[in-house]
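>>> below is the sequence, then the predicted model.
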Amino acid sequence: MAGRMLWAGGVAAIFLAVAARAQTDCEAGNGLLDFAQPKTMSVAEVIQKFAAAEAATKAARVGYTFTQDALVQTLAGKAVDGEFHEVASISYDEKGRRQENVTFAEQTTLKRIQLTAEDMDDIRVFMPFTLTTGDLPEYNLSYAGQQHVDELDTYVFHVEPKKEEKNKRYFQGRIWVDGQDFQIVKVCGKTVPQRIRVKKGEHQDLQPSFVTYRQLVDGRYWFAGYARSDDTLQFRNASIRVREVIKYSNYKRTGASAETKTAGDGTKP
């Protein structure tokens, strides 16, 4: 049990280990990948079990308040030449609609990129990615094997959308599912599709790859704790290195029962 708590109390240690790397690294903290099939159930049963647990986790998160600390930087070599930093208190109303109260915001110095609605959508929705029973029809899941991640034994799956509908975004990458609680504990990938918009000339809207680590809350739910992205975006007229550090912390259960709320804003909580 002490090893499992390392995820909840060790986000700072993960940050120090990953921060030194120059790019988004899906393999940080991973052991060797064992290609063996699950021993006690089929792959299909693992998928159904973790998707049901993820649905419960998604519903429970609506019953919590938490702090979202978002830092986005552009770098020229090793030097930061632009920065966006915002801290918000997140809660949900009686209908499960997300409420954001900004408690700290620096004047942005970003010049070479502009944060779009899709960038903020990544921070709110896809970095804390959940894959529930209701989401399964939209995705193809391929079993990759079993892997020791930090102090957890996990099942690893490759995830990609079955098809991309117009004006809808999806996750593409890998997920690590805890073999005991059957909840996702790590996510690494990106959102798709990457868009090129034509409005007063060509505008490219690119999002970097990211890795997210979850933390155990109240001994029951694995919620997003820390996400990092360090990627070079290849725009037509320039290559720009973008670094993001997103922290989700101070989870506190609200007075209302989580089971009485649903995500009413059309997003994953």
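That came through fine. Numbers count the residues shown, from 1 in each chain.

>>> residues contacting the residue lying closest to Ile246 once chain neighbours are set aside?
Closest residue in space to Ile246, ignoring its immediate chain neighbours: Ala227 at 4.2 Å, by Cβ to Cβ, 6 or more residues apart in numbering. Backbone N, C-alpha and C define where each C-beta goes, glycine included. Counting by Cβ atoms under 8 Å, 6 or more residues apart in numbering, Ala227 touches Ile123, Met127, Pro128, Phe210, Val211, Thr212, Tyr213, Glu244, Val245, Ile246, Lys247, Tyr248.

>>> over to the one residue sitting closest to the centre of the chain: give its phi and psi.
Nearest to the mean C-alpha position of the chain, counting by Cα atoms, centre = their mean, stands Met127 at 1.9 Å. The phi and psi values for Met127, taken as degrees, to the nearest 10, are phi -70, psi -40.

>>> quick one: pLDDT of the residue nearest to it when sequence neighbours are not counted?
Distances taken as Cβ to Cβ, 6+ apart put Ala227 closest to Met127, at 4.1 Å, once the chain neighbours are dropped. Note for Ala227: predicted pLDDT of 97.

>>> kindly report the same for the one 10 residues further on.
Note for Asn237: predicted pLDDT of 84.

>>> for it, what are its contacts?
Contacts here follow Cβ under 8 Å, 6+ apart; on that basis Asn237 touches nothing.

>>> how close does it sit to Leu115?
Distance, Asn237 to Leu115, using Cβ to Cβ, to the nearest Å: 18 Å.

>>> how about Glu244?
Applying Cβ to Cβ, the value for Glu244 to Leu115 is 10 Å.

>>> try Glu27
According to Cβ to Cβ, Glu27 stands 28 Å off from Leu115.

>>> for Val125, same thing?
Going from Val125 to Leu115 by Cβ to Cβ gives 15 Å.

>>> name the SS class of Ala59, please.
Counting by DSSP: H, G, I helix; E, B strand; the rest coil, the backbone at Ala59 sits in helix.
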